[in-house]
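# fold the following and give me the result.
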Amino acid sequence: MSFICFVVICVAIEYIAEKIYMQTARYISTLGGADKFFDVPYGLEICNVGSGPAHYGIDYKFCKKKGFNFSTAPQNFYYGYKLLQHFSSHIKENAIIIIIIMCPMSFGCNQDTERKGYSDKFYGILNKSDIIGYSLERNILLQHPLIIRLYSKFKAKLKKKSIKNNNVAPTITQVWAKEFNLNDLKDETQATMHIDSFKEKTQLLREEITYCLKHKWNPVFVTPPIPEVTRKEISEEFIRKFSTNNIDALVSEFGIQYLNYYDDKRFDNTCFSNDIFVNEKGRSLFSKILFNDIMKFY
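A predicted model of the protein is given here:
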């Protein structure tokens, strides 16, 4: 009997500890912005989907319309589309839908999306049928983030003992090269290995745009700014093959607006916190410019 009591007490302590941990800033930071999906307002007049640069770069306090940032870090086209479908009842007719397209890698085959934890943030948000690789076991495991964290720290310590520590963080272009199985971001001939991905993602965006138009929404493509230090590592031909050609085809097909701030000179080095994300100054500037430009069309 005492053993059963001991087990019950341990389970209760673990449950309470998990609940406390899930309220901390440390845990919330691991969700990449997905925590906001538990409180999505209704009557949205403008919103955006997309990856990290939009999650950190768009602030609706600078917009006169009622808006919401559906971007997370990271987020691919698939989950952006699924979020729009899931929260469609929150979005008004004639709303503006900002679809973020990161230049130049959004259309390539990203191996990072295949890792086990990529879809974790959408458990408890999206329907299980919309979560890639959904499993009940994973769902149960994700309800114990504190145990996962402690286990991960233990594994990291063991790994640290066996591998020489390298304190030099890779640049974003090095990260992209690894994720997309590239030698660099200059040789445009590497695009031939991503043709199938280009077709798949173009079709996905085609379906998303069609979905927006069916709901009488106004889709807009937007490419956020990137700092000069990163742009120097990417050739213009690489951008054309991996990104521009795909975007132009969709813009031509649907006649939608495309706002491209990729190399906008108004965003100098003081606007970025690292080699990809804007800082507070950049966030304010980008939001003001973006909403001002959008309102010229709508």
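
# which residue packs closest to residue 237, ignoring adjacent ones?
Spatial nearest neighbour of residue 237, excluding adjacent residues (Cβ to Cβ, 6 or more residues apart in numbering): residue 188 at 4.1 Å. Quick note: C-beta positions are derived from backbone N, CA and C, even for glycine.

# residue contacts, that neighbour?
When contacts are counted by Cβ atoms under 8 Å, 6 or more residues apart in numbering, residue 188 touches 235, 237-238, 240-242.

# and the helix or strand containing residue 248, how far out from the chain middle?
When elements are assigned from DSSP states H and E, residue 248 belongs to helix 245-254. Mean C-alpha position of helix 245-254 versus that of the full chain (Cα atoms, centre = their mean, to the nearest Å) differs by 22 Å.

# where in the chain is pLDDT low?
By pLDDT under 70, the weakly predicted segments of the chain are 1, 3, 6-12, 14-15, 18, 21, 151-152, 154-167.

# what segments of it are helices?
With DSSP state H as the criterion, the chain has helices at 2-21, 25-29, 52-57, 77-86, 136-141, 145-162, 172-179, 195-214, 228-231, 236-239, 245-254, 280-295.

# buried subset of the contacts of residue 188, written for ChimeraX?
Only the buried entries of those go into this ChimeraX selection, using 16 or more other Cβ atoms under 10 Å:
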select :235,238,241,242
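
# just put the contacts of residue 188 in TSV and tack on distance to residue 224.
Below are those laid out as TSV (distance: Cβ to Cβ, whole Å):
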residue	distance to residue 224
235	20
237	21
238	18
240	19
241	20
242	16
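
# go through the contacts of residue 188 and say which is closest to residue 265.
Ranked by distance to residue 265 (Cβ to Cβ), the contacts of residue 188 are led by residue 235 at 19.1 Å.

# OK, contacts around the closest one?
By Cβ under 8 Å, 6+ apart, the contact list for residue 235 reads 185-188.

# then residue 249?
So residue 249 contacts residue 202 (Cβ under 8 Å, 6+ apart).

# that one and residue 175: what is the separation?
Going from residue 249 to residue 175 by Cβ to Cβ, to the nearest Å gives 27 Å.

# pairing partners for the lengthiest strand in the chain, with directions?
Ordering each strand of the chain by length in residues (DSSP state E) puts strand 91-100 first. Strand 91-100 has its sheet partners listed here by DSSP bridges as strand 44-49 (parallel), strand 218-223 (parallel).

# can you report phi and psi for the residue lying closest to residue 83 once chain neighbours are set aside?
Distances taken as Cβ to Cβ, 6+ apart put residue 70 closest to residue 83, at 4.9 Å, once the chain neighbours are dropped. Main-chain dihedrals, residue 70, degrees, to the nearest 10: phi -90, psi 0.

# number of nearby residues for residue 70?
For residue 70, the tally of surrounding residues (other Cβ atoms under 10 Å) stands at 30.

# if I look at it, how far off is residue 2?
Distance, residue 70 to residue 2, using Cβ to Cβ: 51 Å.

# so who does residue 56 touch?
Applying Cβ under 8 Å, 6+ apart, the residues contacting residue 56 are 73, 277-278, 283.

# so which of these is the most crowded?
So for those (other Cβ under 10 Å), the most neighbours sit at residue 278, 24 neighbours.

# now it, which residues is it bridged with?
Legend: beta-bridge partners of residue 278 under DSSP bridges are residue 272.

# quick one: contacts for it?
Per Cβ under 8 Å, 6+ apart, neighbours of residue 278: 53, 56-57, 224-225, 267, 271-272, 285-286.

# ok, residue 281 next?
270-271.

# kindly report the same for residue 133.
116, 119.

# residue 229: neighbour count?
For residue 229, using other Cβ under 10 Å, the count is 15.

# hmm, it is touching residue 276, no?
No - assessed by Cβ atoms under 8 Å, residue 229 is found out of contact with residue 276, at 9.9 Å.

# roughly how far apart are residue 194 and residue 104?
Taking Cβ to Cβ, one finds residue 194 at 11 Å from residue 104.

# same question, residue 173
10 Å.

# the more surrounded of those two?
Neighbour count, other Cβ under 10 Å: between residue 173 and residue 104, residue 104 has more, with 26 against 21.

# phi and psi next, for that one.
phi -110, psi 10.

# what residues does it make contact with?
Counting by Cβ under 8 Å, 6+ apart, residue 104 touches 185, 234, 238-239, 242-244.

# got the CA coordinates for the longest strand of the chain in PDB?
The C-alpha coordinates for strand 91-100 follow below in PDB (Å, rounded to 0.1, in the frame of the first residue of the first chain):
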ATOM      1  CA  ILE A  91     -10.900  35.800 -40.400                       C
ATOM      2  CA  LYS A  92     -13.300  38.300 -42.000                       C
ATOM      3  CA  GLU A  93     -14.400  38.500 -45.600                       C
ATOM      4  CA  ASN A  94     -12.100  40.800 -47.600                       C
ATOM      5  CA  ALA A  95      -9.300  40.200 -45.100                       C
ATOM      6  CA  ILE A  96      -5.700  40.600 -46.300                       C
ATOM      7  CA  ILE A  97      -3.600  37.400 -46.000                       C
ATOM      8  CA  ILE A  98       0.100  38.000 -46.000                       C
ATOM      9  CA  ILE A  99       2.000  34.900 -47.200                       C
ATOM     10  CA  ILE A 100       5.600  35.200 -46.300                       C
END
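
# since that was my last question, I'll sign off now.
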